[in-house]
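A.B. asks: starting from these lines, generate the structure:
(one chain, ligands or ions: 1)
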Amino acid sequence: MRIPLMAANWKMHKTIPAIISFLDSFIPLMRELGSDREVVIAPPFIGLETVCRALRGRKGMGVAAQNMHFEEQGAFTGEISPLMLSDLGVGHVILGHSERRHVFGETDGFIAKKVVSALEHDLKPILCIGEKLEQREAGETNAVLEAQLRKGLSGVTAEQAQDVVIAYEPVWAIGTGKTATPEQAQEAHIFARKWMAEHFNSGIADQIRILYGGSVKPANAAELMALPDVDGALVGGAALDAESFAEIALCPLTPRA
Ligand code: 13P
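C.D. replies: This next block holds a predicted model:
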């Protein structure tokens, strides 16, 4: 039984006053949050403490970091460690986001080290995978997803894999307003789940949550969440506004097997 996870990725947006104002509007709207889903917010690093404090003790709600280094400490100017995140009360960490891969040049090998380190520090990694438009057009989608899963999870044991969340975010759908069709999303999610069954086992494959990300909006969230292999959403632009993200986070969910 997979509990859907509705996650906000704020990317490099919001000052502390803007974060406080979002939380003031958002938290009361979450009164309707039931036990059928979880909601996570990934603010920029400066907002982690504020969001952690505001959400502490609120059932079904949690905080994610948008990135981290794999070492606990050291001479890594500008980086944040897993120890620092878990000490704050952060529960998840987004790793291998397409912007980290394609704007900042993070490699699968680098991301793989972060995934293992997150798990070792009780942080649930949200490992992002997804093909670029030219790769989809060249018929390489599955090969890209396979390589990102194989390399990104190369250090993860079957036991640890239970705590991994996968986010399928086709690069061409991120911030473009162009959402994957339900068929495209379902096909990629099934591919990733089958890979999990082959690489780990069918129990893990059934359990692992695979989120969809890429232009999720209040208008399309329920349709995407109705897909049998879509177990939540990773939302960028539409999660910056409290009412908009609340609508997505509370969207109708089809009961799942
Ligand atoms: P958008 O929802 O703005 O397309 O961003 C998706 C994303 O990258 C979430 O991590």
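
A.B. asks: next to the ligand, which bits of the stretch 1-150 of the chain? Give me the list.
C.D. replies: Within the stretch 1-150 of the chain, the positions lying close to the ligand (CB under 6 Å from any ligand atom) are 9, 97. For the C-beta atoms, the positions are set from N, CA and C on the backbone; glycine is no exception.

A.B. asks: could you pull out the strands for the stretch 1-150 of the chain?
C.D. replies: Counting by DSSP state E, counting those that start in this stretch, the stretch 1-150 of the chain has strands at residues 5-9, 38-42, 61-65, 92-95, 124-129.

A.B. asks: make TSV out of the ones you listed and add mean pLDDT and mean neighbour count.
C.D. replies: Listed next are the strands of the stretch 1-150 of the chain as TSV, based on pLDDT from 0 to 100; neighbours: other CB atoms under 10 Å:
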stretch	mean pLDDT	mean neighbour count
strand 5-9	98	26
strand 38-42	98	25
strand 61-65	98	23
strand 92-95	98	26
strand 124-129	98	26
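
A.B. asks: how far away is the residue of the chain found nearest the ligand from residue 70?
C.D. replies: With CB to the nearest ligand atom as the measure, residue 236 is the residue of the chain nearest to the ligand, at 2.3 Å. In this view, residue 236 and residue 70 are 24 Å apart by CB to CB, to the nearest Å.

A.B. asks: what does residue 248 give?
C.D. replies: Residue 248 sits 31 Å away from residue 70, going by CB to CB.

A.B. asks: neighbour count: the two, which is higher?
C.D. replies: Neighbour count, other CB atoms under 10 Å: between residue 248 and residue 70, residue 248 has more, with 25 against 20.

A.B. asks: which pLDDT value goes with the nearest residue to that one once chain neighbours are set aside?
C.D. replies: In space, and not counting its chain neighbours, residue 248 is closest to residue 221: 4.4 Å by CB to CB, 6 or more residues apart in numbering. What the model reports for residue 221 is a pLDDT of 97.

A.B. asks: for residue 221, grab phi and psi.
C.D. replies: With angles defined as degrees, to the nearest 10, residue 221 shows backbone torsions of phi -60, psi -50.

A.B. asks: which parts of this structure are helices?
C.D. replies: Secondary structure of the chain (DSSP state H): helices at 16-29, 48-55, 82-88, 98-102, 108-120, 133-137, 141-152, 158-161, 182-199, 202-207, 221-225, 242-249.

A.B. asks: contacts for the fourth one next, please.
C.D. replies: Translated: helix 98-102. With contacts defined as CB atoms under 8 Å, 6 or more residues apart in numbering, helix 98-102 is touched by 11, 67, 106-107, 111, 128, 130, 132, 169, 171, 174.

A.B. asks: show me what counts as buried in that helix.
C.D. replies: Neighbour-count burial for helix 98-102 flags 98-101 (criterion: 16 or more other CB atoms under 10 Å).

A.B. asks: go on, the last one?
C.D. replies: Within helix 242-249, the residues that count as buried by 16+ other CB under 10 Å are 242, 244-249.

A.B. asks: list the residues that contact residue 67.
C.D. replies: 80, 93-95, 97, 100.

A.B. asks: how about a cut-off of 10 Å?
C.D. replies: Residues counted as contacts of residue 67 (CB atoms under 10 Å, 6 or more residues apart in numbering) are 42, 44-45, 79-80, 85, 93-97, 99-100, 104, 106, 111, 114.
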